[in-house]
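Undergrad: sequence? don't have it. structure:
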């Protein structure tokens with residue numbers, strides 16, 4: 001190798017060192033190194049936060065780790081499911097040397113050791129997982145190649161080496177060790193050291209590294225002993241911190257402060273190498289409170305891969321229930337005791353309604369409900385699907401909401417309820433030794449915060465024995481809840497077709513694509529049908545008189561069959577349910593009128609969400625049934641100059657059944673006018689694909705008349 005000539009050359013005393021420095025910040029060694037950063041734990045529940053680092057392929061660290069400790073059966077949980085997302089197909093992983101249930105942690109560092117037979121390559125994710133309720137409180141799906149590996153920095157030495165110093169490679173093995181591969185040195189330096197220091201260039205303020213080939217010696221290299229293709233491992237002394245604090249490694253002449261070659265070292269965060277001996281100092285030990293083991297864990301599937309209930313009895317006075325479903329925030333899960341001792345029955349049932357806030361995706365609620373009638377809650381009378389507090393006679397909310405999670409399309413909410421609340425008006429005693437029939441449902445929460453009509457309910461009787469043990473449920477498959485697009489419903493144009501009469505009935509709300517999808521508001525499972533279409537937008541002219549033939553039901557004592565029709569400026573409807581304060585500013589322009597009931601009833605053969613158009617759903621699943629088709633009510637109304645541009649047709653006794661009426665001036669040109677906005681359909685032409693039907697325009701009317709005249713002329717000819 002060539003000889004590098006510098007100020008040290010020819011002198012009788014020469015020191016050569018390999019240099020690795022420690023950067024000090026205000027005199028303090030940089031923070032502890034926990035390995036290669038893999039990512040951040042997602043936060044689903046229980047305030048879980050933290051960063052995940054891989055110290056090696058056998059050990060992880062959770063740093064800044066916080067968890068409130070309220071999960072009844074939570075562990076550090078890892079697995080290798082094909083989807084790559086956390087699931088019940090995982091295993092408990094030791095945390096700080098323990099496999100016990102996790103307690104509470106606040107900004108802690110937790111050491112996670114993998115089983116002896118596995119490495120990080122055997123896993124795809126890590127989770128804080130509640131085994132008992134299959135709830136994911138927080139997770140990280142690993143990126144490709146998460147394990148830390150040594151980092152090569154390339155060759156060491158100047159283009160014209162000094163004293164033959166050159167190495168084929170400099171490898172950062174971990175945060176305290178460096179390997180020089182195939183090192184050459186002529187041995188002529190009288191005061192040579194392996195050297196380290198801060199900054200990017202070696203200086204005399206650096207320090208010596210321990211030579212592991214010489215038993216960890218920090219002394220100078222023996223003069224006269226040449227090194228040829230020798231691989232050397234160097235260690236940063238413990239009192240000097242680690243490689244994260246240094247900026248270079250090289251050979252250094254101490255006596256004459258001369259650099260014989262060096263390599264710049266990037267930051268540890270860029271290197272992502274393993275941790276030396278896998279034992280960094282833990283500077284903030286966690287505060288751990290072990291949760292007591294839970295007994296009597298059980299689970300029952302209510303809808304395959306969609307809805308499950310889990311329960312446990314921690315003592316003889318209360319039951320803890322966890323509801324999990326493939327739903328979105330703003331959709332409730334209801335579960336409780338049936339209204340009948342011999343079958344599953346919604347009427348008379350005592351259920352808990354649980355949901356997450358639609359806007360935040362958090363803020364869990366669990367509320368005691370009593371279902372006295374098959375209708376939305378009429379707050380003035382306390383009848384229908386009402387909370388215990390709104391029911392008449394009233395009760396109290398005896399449910400205490402607990403944990404919740406929202407991940408991978410599955411929402412889980414837990415709550416506790418006494419077995420015997422002592423509330424005889426609205427609650428039933430929960431038995432723990434015998435089968436009992438239960439009721440359940442899934443549906444939307446309306447803007448008033450009350451449960452609207454269910455979308456899904458039992459199709460058969462559902463018995464459960466809350467005292468049994470050892471019954472489990474399969475894990476949910478991974479995947480978000482599908483968001484269905486609303487049906488396109490044609491606008492009925494009384495403004496340009498000359499149409500002045502409309503038939504109005506009650507019908508089914510049509511699932512996610514019907515009332516809810518069109519209006520963006522949860523309904524009660526029924527809605528107004530105008531001329532056989534679900535809540536079409538009506539466009540009417542001022543100064544024109546319109547007639548509505550209404551059959552909404554006339555049994556005032558059975559509000560589920562009593563739906564007076566009226567026109568108002570109120571987008572909610574349900575005038576009879578409003579307080580005096582809520583009626584301030586509400587105008588009624590026509591009605592209410594009712595007539596006998598005509599209803600588009602479901603045959604039960606299909607689900608509304610299975611159809612991509614309303615017409616297909618109506619024709620396949622619904623049938624119009626009338627108590628008395630000739631006993632109608634007539635509402636006649638003429639919009640005038642005082643009528644707002646937008647009003648609504650609604651139900652007088654129930655909220656969220658109707659939709660929009662757009663009012664235009666009598667001389668307005670609407671030949672090119674189209675409806676718009678959320679839930680409004682673009683006007684369709686006759687013969688379109690059935691996503692709502694069509695309208696007959698003035699032009700098409702003239703064409704038809706012309707054809708009739710031609711046919712008559714041909715006939716008489």
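TA: Nice, thanks for sending it over. As the structure is a computational prediction, the values presented were derived from the model and not from experiment.
Undergrad: buried residues, the helix or strand that contains residue 591. List them.
TA: Per DSSP states H and E, residue 591 falls inside strand 588-593. Residues of strand 588-593 classed as buried: 588-593 (neighbour count, 16 or more other CB atoms under 10 Å). (Glycine included, C-beta is placed from N, CA and C.)
Undergrad: out of those residues, which is nearest to residue 467?
TA: Closest approach to residue 467 among these (CB to CB): residue 592, at 51.1 Å.
Undergrad: pretty sure that closest one contacts residue 652?
TA: Yes. Between residue 592 and residue 652 there is a contact under CB atoms under 8 Å: 4.0 Å.
Undergrad: residue 640 and residue 581: what is the separation?
TA: 29 Å (CB to CB, to the nearest Å).
Undergrad: between those two, which has more neighbouring residues?
TA: residue 640 (10 against 6; other CB atoms under 10 Å).
Undergrad: pLDDT score for the more buried one?
TA: On the pLDDT scale, residue 640 is placed at 94.
Undergrad: repeat that for residue 393.
TA: So, for residue 393, pLDDT stands at 88.
Undergrad: what's the spacing between it and residue 426?
TA: 8 Å.
Undergrad: looking at these two, which is more packed in?
TA: Shown here are residue 393 and residue 426; by other CB under 10 Å, residue 426 has more neighbours (25 against 10).
Undergrad: can you give me the pLDDT of the more buried one?
TA: pLDDT, residue 426: 89.
Undergrad: ok, it touching residue 368?
TA: Yes. With contact defined as CB under 8 Å, residue 426 counts as touching residue 368 (7.0 Å).
Undergrad: overlap in contacts, those two.
TA: Shared contacts of residue 426 and residue 368, defined by CB atoms under 8 Å, 6 or more residues apart in numbering, are found at 350, 388, 395.
Undergrad: name the nearest of these relative to residue 498.
TA: Looking across these and measuring by CB to CB, the closest to residue 498 is residue 388, at 52.8 Å.
Undergrad: contact partners for that closest one?
TA: Residue 388 neighbours (CB under 8 Å, 6+ apart): 368-370, 394-398, 423, 425-427.
Undergrad: do that again at 7 Å, thanks
TA: Residue 388 makes contact with 368-370, 394-397, 423, 426, according to CB atoms under 7 Å, 6 or more residues apart in numbering.
Undergrad: between those, which sits nearest residue 646?
TA: residue 369 (34.3 Å).
Undergrad: make sure that closest one is actually in contact with residue 351.
TA: Yes. With contact defined as CB atoms under 7 Å, residue 369 counts as touching residue 351 (5.1 Å).
Undergrad: give the residues shared as contacts by those two.
TA: residue 334.
Undergrad: Throw the contacts of residue 388 into JSON lines and include distance to residue 539, thanks.
TA: Formatted as JSON lines, the contacts of residue 388 follow (distance: CB to CB, whole Å):
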{"residue": "368", "distance to residue 539": "45"}
{"residue": "369", "distance to residue 539": "40"}
{"residue": "370", "distance to residue 539": "42"}
{"residue": "394", "distance to residue 539": "45"}
{"residue": "395", "distance to residue 539": "47"}
{"residue": "396", "distance to residue 539": "49"}
{"residue": "397", "distance to residue 539": "45"}
{"residue": "423", "distance to residue 539": "51"}
{"residue": "426", "distance to residue 539": "46"}
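Undergrad: so which of the residues you listed wins on neighbours?
TA: residue 370 (30 neighbours).
Undergrad: is that one in a bridge, and if so with what?
TA: Beta-bridge partners recorded for residue 370 (DSSP bridges): residue 350, residue 386.
Undergrad: next up, the contacts around it.
TA: Shown in contact with residue 370 (CB under 7 Å, 6+ apart): 350, 386, 388, 391, 395, 426.
Undergrad: wait, the last one sits on residue 392?
TA: So the one you mean is residue 426. No. The pair residue 426 / residue 392 is not scored as a contact, 9.8 Å apart, by CB under 7 Å.
Undergrad: point out where the stretch 101-250 of the chain drops to low pLDDT.
TA: 190 (pLDDT under 70).
Undergrad: picking that back up, now the shared contacts of residue 426 and residue 368 in a markdown table, with distance to residue 620?
TA: A markdown table is the format used below for the shared contacts of residue 426 and residue 368 (distance: CB to CB, whole Å):
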| residue | distance to residue 620 |
| --- | --- |
| 350 | 36 |
| 388 | 39 |
| 395 | 42 |
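Undergrad: what segments of the stretch 301-450 of the chain are strands?
TA: Assigned by DSSP state E, counting those that start in this stretch, the stretch 301-450 of the chain shows strands spanning 307-312, 318-325, 331-337, 350-355, 365-371, 385-387, 400-407, 410-418, 435-444.
Undergrad: and the gap between the closest residue to residue 342 other than its chain neighbours and residue 369?
TA: Excluding the flanking residues, the one nearest residue 342 by CB to CB, 6 or more residues apart in numbering is residue 437, at 7.2 Å. Counting by CB to CB, the gap from residue 437 to residue 369 is 17 Å.
Undergrad: now swap in residue 300 and tell me
TA: 20 Å.
Undergrad: and residue 414, by the same measure?
TA: Distance from residue 414 to residue 369, by CB to CB: 17 Å.
Undergrad: one more: residue 649?
TA: Residue 649 is 29 Å from residue 369, by CB to CB.
Undergrad: now do the helices in the chain.
TA: Taking DSSP state H as the criterion, the chain contains helices spanning 268-271, 515-519, 614-621, 698-716.
Undergrad: least confident of these, on average?
TA: Lowest mean pLDDT within the helices of the chain: helix 698-716, at a mean of 42.
Undergrad: name the nearest residue to residue 114, sequence neighbours excluded.
TA: Nearest non-adjacent residue to residue 114 (CB to CB, 6+ apart): residue 58, at 5.2 Å.
Undergrad: I'd guessed that neighbour sits against residue 119; true?
TA: Yes. Between residue 58 and residue 119 there is a contact under CB under 7 Å: 6.1 Å.
Undergrad: which one's more surrounded, those two?
TA: Each of residue 58 and residue 119 has its neighbours counted (other CB under 10 Å); residue 58 has more, 17 against 13.
Undergrad: could I get the contacting residues of the more buried one?
TA: Residue 58 touches 113-114, 119, counting by CB under 7 Å, 6+ apart.
Undergrad: want to throw those residues into a markdown table with distance to residue 103?
TA: Listed next are the contacts of residue 58 as a markdown table, based on distance: CB to CB, whole Å:
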| residue | distance to residue 103 |
| --- | --- |
| 113 | 18 |
| 114 | 21 |
| 119 | 28 |
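Undergrad: which of those residues fall within strands?
TA: residue 113 (DSSP state E).
Undergrad: which one of the contacts of residue 58 is nearest residue 316?
TA: Nearest member of the contacts of residue 58 to residue 316, counting by CB to CB, is residue 113, at 39.4 Å.
Undergrad: tell me if I'm right that the closest one and residue 95 touch.
TA: No. Residue 113 is beyond contact range of residue 95, at 8.4 Å (criterion: CB under 7 Å).
Undergrad: between the two, which one's more packed in?
TA: Neighbours around residue 113 and residue 95, counted as other CB under 10 Å, are more numerous at residue 95. The numbers are 22 against 17.
Undergrad: these two touch, right, the more buried one and residue 76?
TA: Yes. Taking CB under 7 Å as the definition, residue 95 is a contact partner of residue 76 at 4.6 Å.
Undergrad: any common contacting residues for these two?
TA: residue 112.
Undergrad: please report the distance of residue 113 from residue 52.
TA: 14 Å.
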